[in-house]
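[1] Could you look at this predicted model? Sequence included:
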Amino acid sequence: MNTEVILHTQRKKNRLLEILFYAVNAGMVIVFLYPLLCVLLASMKPAAELVLMPPRWWPSVFTLDNFSKLLLSNNNMSRAIMLSGIVSFLTVIGTVLLSTLAGYGFSRFHFRGKNVFFVLILLTMMIPSQPILTPLFIIITKLGLQNNILGLVLVYITFQLPFSIFMMRNTFDSIPKEIDEAAQLDGCSPVKILFRVMPRMVSPGIVTVVVTTFIAAWNEFLVALIFMTDSDNYTMPILLLMTSAGKYGSVDWGLLQACTVFAMLPCIIIFLFLQKHYVSGLTSGATKG
């Protein structure tokens, strides 16, 4: 009888803990989704309702005028979206390639000063990007890459490499070295091991690098504003700021909310499709190093 009471009490306690767990998670989801929902609803409000005081949370009429104004009335928006996509894509490709090669080298090869070089790479993550923009601007200008997509991509790759190398080194460290030894017995060189054996095993780390790099390059504003002085070469974040401003310094709030929704969509879609691999990649990176 006492055993049954104890089991019943334990089950009741576990049930309460489970309810508490789901309640806390539901509360966190609401906290994180509420701002996104507010932006989405504001982007579909008529212009008159955006300036009401007190503000009206739910629009009386849903409209897509702000989105049509964003895409149809601005001829440069399609070009800015294309440029942002190209810059983000090239940044992801360059960062993944270089960080994979560097991570494999730091993980599998032994050379003099390896630990020193790796620590120096990690130290660069502690340097804010703003103080080094001036020397980078001078270098890019002397190379003739100002107002050039390639120059912007090189700067973005430079900023993303330290974390990406750290992530890929840890990902390679999580793979047993016996796999390399078995592949070498079958006649595989280190290059063949990297490109034929390892890709599937390190895919979580690669996905993590892809997601973080794409989001950073897609949303980056300050570097693009400094290096792209020609309005024809503005990326999407810069042109969104220019587009949201109305006459005489006024702000077109509806257009600004539509711009925000449009900028969020690619990042949300990529994260939703790759979140499983992204989380596992972060986990493997956290357990090594």
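    Cool, the structure landed.
[2] The longest helix along the chain - contacts with which helices or strands?
    Looking across the chain with DSSP state H, the single longest helix is helix 2-43. Packed against helix 2-43 by the contact rule (3 or more Cβ pairs under 8 Å, 6 or more residues apart in numbering; DSSP states H and E) you find helix 253-286. Any C-beta I mention is one placed from the backbone N, CA and C, and that applies to glycine too.
[3] rewinding a little: could you tell me the angle between the longest helix of the chain and helix 253-286?
    Using axes from the mean of the first three to the mean of the last three Cα atoms, to 10 degrees, one finds that helix 2-43 and helix 253-286 are set 140 degrees apart in direction.
[4] After helix 2-43, heading C-terminal, what element do we hit next?
    Using DSSP states H and E, the helix or strand that follows helix 2-43 in sequence is helix 65-72.
[5] Check which residues of the next helix-or-strand element following that following helix are buried.
    As assigned by DSSP H and E, the chain's next helix or strand after helix 65-72 is helix 75-108. By neighbour count with 16 or more other Cβ atoms under 10 Å, helix 75-108 contains the buried residues 77, 79-81, 83-85, 87-88, 90-92, 94-96, 98-100, 102-108.
[6] So for the longest helix of the chain, mean pLDDT?
    Averaged across helix 2-43, pLDDT comes to 82.
[7] relative orientation of that helix and helix 65-72 in degrees?
    Per the same axes, to 10 degrees, the angle that helix 2-43 makes with helix 65-72 is 60 degrees.
[8] Helices of the stretch 101-250 of the chain, start to end?
    114-124, 133-142, 149-173, 177-185, 190-192, 203-219, 222-227, 236-244 (DSSP state H, counting those that start in this stretch).
[9] Name the residues that touch the shortest one?
    The list of residues contacting helix 190-192 from outside it, by Cβ atoms under 8 Å, 6 or more residues apart in numbering, reads 108-109, 180, 183.
[10] I'd like the distance between Val191 and Ile157.
    Val191 sits 22 Å away from Ile157, going by Cβ to Cβ, to the nearest Å.
[11] Looking at the two, which one has more neighbours?
    For the pair Val191 and Ile157, the greater number of neighbours falls to Ile157 (22 against 10), based on other Cβ atoms under 10 Å.
[12] What sits closest to that one if chain neighbours are left out?
    Nearest residue to Ile157, sequence neighbours excluded (Cβ to Cβ, 6 or more residues apart in numbering): Gly94, at 4.6 Å.
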